[in-house]
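Asker: any chance you can model this:
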Amino acid sequence: MANLHFHYGTMGCSKSAQLVINAYNQNKNGNKTEIIKPQLDNRFSENKVNSRIGISADATVLKTLRGWAPAPDTKMVLIDEIQFFAPEDIDVLVRIADSRPVIIMCYGLMVDSNEHIFPASRRLIEVGAKLHRMESTCQIPGCMHLATHHLRYDASGRVVHDGDQISVGDSNYKSVCRKHFNMLYHGVGYSNRQK
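Answerer: Have a look, this model is predicted:
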């Protein structure tokens, strides 16, 4: 079994829920787990991984993974919102995965709302993490296509085309398919009826 994994998908595809479930099942089977989340992610709680479906688990909050190592008896490390860490943090995970009998499961986004890959996500691909795409459907009413992109909206409901790559929160985001992303972001075939 691969020892470094990247579970990725759009917002709302149950990444955090799967992390919590995975940790629960491993602990129930006697395999000690550690859950990590980035300090930047304080949307729902300071020290928990929370899923929108109402389940949560305690987490260790870290600004960086540099200087961190799992406890000697840990069998699995589960990291939420991996895209908020730095590429150098991924290199820390690689060294741990290659030198210790521990499985590392990373969960997060692959790309931002401007179709740019997050640096930490890119690094996971570069170092050969096993990729697991988590699927959900487009949030445009009536569309059942695979959600592959995110749209970010400003307070007036207009699509945001620039700005910081990282903007914590999900109330101003929508997960959409490629077709609707191009329609609403680039204006390809766009009409006001499709908003």
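
Asker: just list what the helix or strand of the chain with the lowest mean pLDDT packs against, helices and strands only.
Answerer: One helix or strand of the chain scores below all others by mean pLDDT, DSSP states H and E: strand 48-50, with a mean of 86. Applying 3 or more C-beta pairs under 8 Å, 6 or more residues apart in numbering; DSSP states H and E, one finds that strand 48-50 contacts helix 15-28, strand 56-58. Every C-beta, even on glycine, is put in place using the N, C-alpha and C of the backbone.

Asker: closest one to Ile104 among these?
Answerer: Closest of these to Ile104 is helix 15-28, at 12.0 Å (criterion: C-beta to C-beta).

Asker: for that closest one, which positions count as buried?
Answerer: Under the neighbour-count criterion of 16 or more other C-beta atoms under 10 Å, helix 15-28 has 15-20, 22-23, 26 buried.

Asker: chain center to the least confident helix or strand of the chain: distance?
Answerer: Relative to the centre of its chain, strand 48-50 is centred 13 Å away, using C-alpha atoms, centre = their mean, to the nearest Å.

Asker: mind starting the numbering at 12 from now?
Answerer: OK, 12 is where the count begins now, so the last one is strand 59-61.

Asker: name every strand pairing with it and say which way it goes.
Answerer: Looking at strand 59-61 with DSSP bridges, its partner strands are strand 67-69 (antiparallel).

Asker: the partner strand: what's the following helix or strand?
Answerer: Downstream of strand 67-69, the first helix or strand assigned by DSSP states H and E is strand 71-73.

Asker: moving C-terminal from that next one, which element do we reach first?
Answerer: Helices and strands here follow DSSP H and E; after strand 71-73, the next one along the chain is strand 87-90.

Asker: before we move on, back to that, identify all contacting residues around the least confident helix or strand of the chain.
Answerer: 27, 30-31, 46, 48, 54-55, 67-70, 91 (C-beta atoms under 8 Å, 6 or more residues apart in numbering).

Asker: now the buried members of the residues you listed.
Answerer: In terms of neighbour count (16+ other C-beta under 10 Å), the buried residues within these are 27, 30-31, 46, 48, 68, 70, 91.

Asker: Throw the residues you listed into JSON lines and include distance to Thr85 and pLDDT, thanks.
Answerer: Shown next, in JSON lines, are those (distance: C-beta to C-beta, whole Å; pLDDT from 0 to 100):
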{"residue": "Ser27", "distance to Thr85": "20", "pLDDT": "92"}
{"residue": "Leu30", "distance to Thr85": "15", "pLDDT": "96"}
{"residue": "Val31", "distance to Thr85": "17", "pLDDT": "95"}
{"residue": "Ile46", "distance to Thr85": "11", "pLDDT": "97"}
{"residue": "Lys48", "distance to Thr85": "16", "pLDDT": "94"}
{"residue": "Ala68", "distance to Thr85": "15", "pLDDT": "92"}
{"residue": "Ala70", "distance to Thr85": "14", "pLDDT": "94"}
{"residue": "Asp91", "distance to Thr85": "16", "pLDDT": "95"}
